[in-house]
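J.: Predicted model and sequence follow; I will ask about them next.
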Amino acid sequence: MCRLAAITSESYISPLENIAALEAMKEGYDGSGMGLVLKNLGGEFEELKEYPILSGICSREGIKRLDEYMDHLGFKLIYTWTPKIKPVAGVKQRDYYFGRVYDYPDEYKDKPWEEKEDLLLRTRVTLRRMGERDESIIVFSFYPDVLIIKEVGDPVALGEFFGFDSSNLRAKIIFAQGRQNTNYDINLYACHPFFIQGYGSMTNGENTAFVPIKEFLMSRGFPGYIGYQSDSEVFTHILHYTCKMLGLPLIYYKDVITPLKTSEIQQREDRDVVQMLKITLRPLCIDGPNCVIGFVPDGTCFMVQDSKKLRPGVVGGVKGRVGLMSEECGLDRAVPERDRAKDTFPMKYDMVIVSPEAKEVKVWNQRYGWTTIIN
Amino acid sequence: MEPEVRLDHNYQLSIKEFPYIIEWREDRCKRCGRCTAVCPMFAIEPSVVVKRELISEGPVPTPKEIRKIVTVIKQSTDISRYCTGCATCSLVCPNEAIEPRYNPQHKFLFHKNRGGYPYRRGGRRNDPAPSTLDRLKFTRISMLTDPALDAGRHEFRIRTYLGRILPPDELPIKIVNGKAVLDRSSDKFIPPVREIYPIMIGSMSIGALSPYMWEGLAMGITYLNEVEGMPVVMCSGEGGMPPRLLKSRFIKYFIIQIASGYFGWDEIIRAIPHMVEDPCAVEIKYGQGAKPGDGGLLMAHKVLKLIAEIRGVPMGVDLPSPPTHQTKYSIEESVAKMIQSMYMAWGFRVPVYPKISGTRTAKAVLNNLVRNPYAAALCIDGEDGGTGAAYNVSMDKMGHPIASNIRECYLELVKQGKQNEIPLIAAGGVGKTGNLAANAAALFMLGASAVAIGKYIMQAAAGCFGDEYNRCNICNIGRCPRGITTQDPKLYRRLDPEKVAERVVEVFKALDVELKKIFAPMGRSTELPIGMSDGISADDPGIAERLQISYAC
């Protein structure tokens, strides 16, 4: 089963810390892919927070087409980050890995954020389509203050391959996944974490309700709901749909993917709405077993599970540095100095929510409300 | 010279022309007469024959001829008294001396049109071949990466919704202090939605069914709701309901049907002010899978006192419902007028949905309903559905199988993003060969939100004899040998309503376990796997292609 290592911190951390946590949990992945999402970036990106970063991989031919298309749209390249690749056995090197920072086209500079965000999404989707057939252009995200790196291989080997030991790449929130291939192809687009318009998540377990969920999302008419090379991408899109499209607070994500029984809903203060959501969003109910670790635009991170997830993930840490991991050994590696008594293994009604910069850890229970763990 | 008997036989039939041939064993028969007394068709009768016997009684053979007059059981060769193969005679015979045998070479349909009247009957389509539903299997089995569930111990939620479901972006919700609350200032109509068990008993009227049969079903579903906590509902069929039931709290377990004859609706309308609960829903019948294009038909001999009272008609007259609702000229009018007037009757608190026959034009109906915010569901009744009375040609040759009909309607809804807004109810041949749970689960995975059963429950709960070899199938003549589809007290006293109710409960409890045994290995427990088309495969590439599912061999 895939291994998940997320760290949220008040200070900048290196992706090597997540990779170290993954290494501690390495029984669970098979080198069929590692994904990294870095949010709230430091290092050379610290001064460029307002500009969108295009994360991806291109062939030599692909990058020319990408440049032509970006020029055509009027995006201006203002900074390029590329990893210092060190060839490593077992990792097949592609031509060009990048995080490219662009300035918006002139006509968009004074447009409201919603329009800019829409432009970024449509641009990413078009680029993805342009290179999908021959894998000449692979793009993971095009969004401010977010960098995504993915490649097939063992996480430790990939850490060396991308030269993270000598890089000053840093971020306050880093999500990493070591993939175990399931029923789906080995494909970089199948590699977690997934990201869309400020929302990201990674998952382990298998999603038995994948097809109806996918069909529901794809029929929303939203251009970003595409892909689904992995059954886990839907968790990110449900998060985006719940919080951004429907404008619901984060806690309702739990009610959408793991709805309560009608008799349990009757005990909720907001029962009218929760019952309505349960009925209207019936196709988005996951049937698990899954553990989902995610983040939202303000940097809040969370972990949820369904009732079938017999081996729960764990959240623990100290104020200012909290790990959200699929296994406790990963958390031991990432935050060894914590009080283990405060580790939280979310049960079927729970959603563990870590506030931005890991100031506070709280548990939202669908039936009983809030409990504070770390403050 | 004139022959002693006529030599032209063309107006006579030999027993070989008949679909069932009675095998009677003289050596076992004690001539009690029970078989001839119960035969609903008078196909067998006691008769006497002169029998020649050779006997020898002495110590050496001394054959001697004697002639005896003996009583025998004789099968009629009158086509109007054909043996239906119901085997009630075998049921009552104390010595296993009599049994009808199916005759595959019969020429029944060549002759069953005497007087220029086409063959009419009850029952189902006479096609014993496996239906498409029986050619589907569940192939996505959860293994090590997503361990299968324990059907016996895991908590399952086998429920569905009946009612129009608002699209997510139209929910009247506002956010106050980080909580979502209902926006009561919004004038948005929130349609009523019922949470029910996804398998319901489909529309069979009091009239078509005997009072004991209908009462048995009604008691069964009430017990399931009140004692077992299973919200199974049942549709009244056309023809109203007993006023006492309409005014009772149990009405919430019933879907009331209105059809083109509007039979029974005087009483229903009169009862509305006195109702203490709302009915589960109202079904508007536009078509029936077994006999598309035909209206309902209750033959005169079934219109006795109780039926006449409930339906508000004189006794002993044929009650044909027109093929269509006579006041409707287009579907726009049907949905606008009929659905909304039915909503109005109960203050917009009761879901109202139409039922149509399976047809290649079902998508057009569906698309009209999609545009009407009141249409609460669409029930599609496939060609394998049953009926109390219809022309044989309608039953055997008209209609559309349910599997591809429901699938194309579901995929149409997916295309429009409305797959969760109008529940599709599939009916017609569900459990045709006894595989009720498997057929129902396959229909859910093809896109149905619920299924309705009729013949299955008649067979399982009351021992209906009917089958796809035209066995029995005489629901239309009021002489049902089981007492299920008759209004004759002498016949329906053969049925114990308490026993019917018990069987209904047993059937649904067993069905629930079987559904869990299907869902558990597929890793599904929280929501009904509606549209989980990756879960099923067909054993035929053509079926797989048509249903857009995988082919497994």
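T.: Nice, I can see it.

J.: so what's residue 163 up against?
T.: With no chain named, the answer covers chain A. Residues near A:Gly163 by CB atoms under 8 Å, 6 or more residues apart in numbering or on different chains: A:83-86. Bear in mind the C-beta positions are built from the backbone N, C-alpha and C, glycine included.

J.: Sorry, I should have been clearer: chain B.
T.: Per CB under 8 Å, 6+ apart, neighbours of B:Gly163: B:191-194, B:281, B:351, B:376-377, B:423.

J.: Without its sequence neighbours, what residue ends up closest to it?
T.: In space, and not counting its chain neighbours, B:Gly163 is closest to B:Val193: 3.3 Å by CB to CB, 6 or more residues apart in numbering or on different chains.

J.: for B:Ala440, same thing?
T.: Of all residues not flanking B:Ala440 in the chain, B:Val451 sits nearest, at 4.7 Å (CB to CB, 6+ apart).

J.: pLDDT averaged over the one helix or strand B:Val505 maps to - what is it?
T.: B:Val505 is part of helix B:497-519, with elements assigned from DSSP states H and E. Mean pLDDT, helix B:497-519: 97.

J.: re the thing from before, just checking, the residue nearest to B:Ala440 is part of a strand?
T.: Yes: counting by DSSP: H, G, I helix; E, B strand; the rest coil, B:Val451 is found in a strand.

J.: Next, the buried residues of the helix or strand of chain B with the lowest mean pLDDT.
T.: Taking mean pLDDT, DSSP states H and E as the measure, chain B has helix B:331-333 as its least confident helix or strand, at a mean of 73. Using 16 or more other CB atoms under 10 Å in any protein chain shown as the test for burial, helix B:331-333 gives B:Ile331.

J.: same for that helix, what does it pack against?
T.: In this structure, helix B:331-333 packs against helix B:362-371, with contacts taken as 3 or more CB pairs under 8 Å, 6 or more residues apart in numbering or on different chains; DSSP states H and E.

J.: List the buried residues for the helix it packs on?
T.: By 16+ other CB under 10 Å, the buried positions in helix B:362-371 come out as B:362, B:365-366, B:368-370.

J.: same check, this time on stretch A:78-98
T.: Within stretch A:78-98, the residues that count as buried by 16+ other CB under 10 Å are A:81, A:83, A:88, A:91, A:94, A:96-98.

J.: ok so, going back, quick one: neighbours of the residue nearest to B:Ala440, just the number.
T.: Residues near B:Val451, counting by other CB atoms under 10 Å in any protein chain shown, number 28.

J.: Quick check, it in contact with B:Leu443.
T.: Yes: using CB atoms under 8 Å, B:Val451 is in contact with B:Leu443, at 5.3 Å.

J.: Overlap in contacts, these two.
T.: Residues touching both B:Val451 and B:Leu443 (CB under 8 Å, 6+ apart): B:426, B:430.

J.: So, low pLDDT: which residues of chain A?
T.: Along chain A, the model assigns pLDDT under 70 to residues A:1, A:28-31, A:180-186.

J.: and if we set it to 80?
T.: Chain A contains residues with pLDDT under 80 at A:1, A:27-33, A:179-187.

J.: Run through the helices of it in chain order.
T.: With DSSP state H, the ranges of helices along chain A come out as A:15-24, A:60-73, A:113-132, A:155-161, A:210-218, A:233-240, A:251-257, A:262-265, A:271-280, A:328-334.

J.: sorry, back to before: residues touching the residue nearest to B:Gly163, list them.
T.: A:279, B:161-165, B:351.

J.: mind checking pLDDT for it?
T.: B:Val193 carries a pLDDT value of 97.

J.: Would you agree B:Ala440 is in contact with B:Gly429?
T.: No: the pair B:Ala440 / B:Gly429 is not scored as a contact, 11.4 Å apart, by CB under 8 Å.

J.: who has more neighbours, those two?
T.: More crowded of B:Ala440 and B:Gly429, by other CB under 10 Å: B:Gly429, with 33 against 26.

J.: For that one, give its distance to chain A.
T.: Between B:Gly429 and chain A the distance is 24 Å, computed by CB to the nearest CB, to the nearest Å.

J.: just B:Met344 next, same as before
T.: Separation of B:Met344 from chain A (CB to the nearest CB): 23 Å.
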